[in-house]
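Peer 1: Dropping a prediction and its sequence here:
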Amino acid sequence: GENVEQHPSTLSVQEGDSAVIKCTYSDSASNYFPWYKQELGKRPQLIIDIRSNVGEKKDQRIAVTLNKTAKHFSLHITETQPEDSAVYFCAATSGGSQGNLIFGKGTKLSVKP
Amino acid sequence: KAGVTQTPRYLIKTRGQQVTLSCSPISGHRSVSWYQQTPGQGLQFLFEYFSETQRNKGNFPGRFSGRQSSNSRSEMNVSTLELGDSALYLCASSLATGSGNSPLHFGNGTRLTVT
């Protein structure tokens, strides 16, 4: 089955710096890769996603890149702000679009003012 | 639209007991998935229901079961509770089955503590 590995597990940056979180997946049939943000005590919320027919997607300060050949995808946050502090989860579908989402173990991002 | 609603928010149970958790999806959503969240393990997939049928199942023992009603509401049951079942249980709904077809929307979760 699908296995998703996420690195790093913790990341600390200064406000205004960029942050990058990387994930690898094992199932070559995976075709959908969302990223979720979970603030302390709150529900995970979708912040950006990418499908396998696209190499990069951007939404204001966040972007996701996908390398299907290498089976890895990354989240990039530019000009980080204290409110970006949260746990970020990457995920990939298991067995194509009909499968369930398999999540990485999360990255705790701390943005220091 | 109201979001995904999970009840209760908190539960404390004793080893050996059983528990039932409830989830009301976003109106119009027919798929409900359940995840277990523990520190260090992230979100682990339990199962997905669509149109009252279990579509996918994760690697959890048979003590974990679920069901979905015709109104798309879902319940998850855990029997013979163990200390290791202490976790945040998250329910997520989506329009269509298969997470690759439509995004998951999560509820706030039920925090289960087993003593």
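Peer 2: Sure, I can see it.
Peer 1: Enumerate the residues of chain B near chain A.
Peer 2: For chain B, the residues in contact with chain A under the definition Cβ under 8 Å from any Cβ of the partner chain are B:4, B:33, B:35, B:40-45, B:48, B:55-56, B:58, B:90, B:97-101, B:103-109. Bear in mind the C-beta positions are built from the backbone N, C-alpha and C, glycine included.
Peer 1: was I right about B:Met76 contacting B:Ala87?
Peer 2: No. With contact taken as Cβ atoms under 8 Å, B:Met76 and B:Ala87 are classed as non-touching, separated by 11.7 Å.
Peer 1: Now A:Asn67: closest residue in space, sequence neighbours ignored.
Peer 2: Spatial nearest neighbour of A:Asn67, excluding adjacent residues (Cβ to Cβ, 6 or more residues apart in numbering or on different chains): A:Phe73 at 7.0 Å.
Peer 1: Tally up the residues packed near the one you found, please.
Peer 2: Other residues near A:Phe73 number 26, with proximity taken as other Cβ atoms under 10 Å in any protein chain shown.
Peer 1: one step back: among the residues of chain B next to chain A, which ones are buried?
Peer 2: By neighbour count, with 16 or more other Cβ atoms under 10 Å in any protein chain shown, the residues of chain B next to chain A hold B:4, B:33, B:35, B:42-45, B:48, B:55-56, B:58, B:90, B:97-100, B:103-109 as buried.
Peer 1: before we move on, back to that, sort out for me which of the residues of chain B next to chain A are in helices.
Peer 2: For the residues of chain B next to chain A, not one is inside helices, with DSSP state H as the criterion.
Peer 1: Which of those residues fall in strands?
Peer 2: The strands in this structure, assigned by DSSP state E, contain B:33, B:35, B:42-45, B:48, B:55-56, B:90, B:105-106 from the residues of chain B next to chain A.
Peer 1: So among the residues you listed, where is pLDDT lowest?
Peer 2: The lowest pLDDT within these belongs to B:Asn56, which sits at 85.
Peer 1: quick one: contacts for it?
Peer 2: For B:Asn56, the set of contacting residues under the criterion of Cβ atoms under 8 Å, 6 or more residues apart in numbering or on different chains consists of A:94, A:99-100, B:33, B:45, B:47-48.
Peer 1: Next, the contact list for the most centrally placed residue in chain B, please.
Peer 2: Among the residues of chain B, B:Trp34 comes closest to the average C-alpha position under Cα atoms, centre = their mean, at 3.0 Å. Going by Cβ under 8 Å, 6+ apart, B:Trp34 touches B:23, B:45-48, B:66, B:74, B:76, B:89-92.
Peer 1: in the sheet, who's paired with it?
Peer 2: Under DSSP bridges, the beta-bridge partners of B:Trp34 are B:Phe47, B:Cys91.
Peer 1: That one and A:Ser26, how far apart?
Peer 2: 23 Å (Cβ to Cβ, to the nearest Å).
Peer 1: Quick check: chain neighbours aside, which residue is closest to A:Pro8?
Peer 2: A:Thr107 (6.1 Å).
Peer 1: Kindly report the same for A:Ile47.
Peer 2: With Cβ to Cβ, 6+ apart as the measure, A:Lys37 is the residue that lies nearest to A:Ile47, at 4.8 Å, once sequence neighbours are left out.
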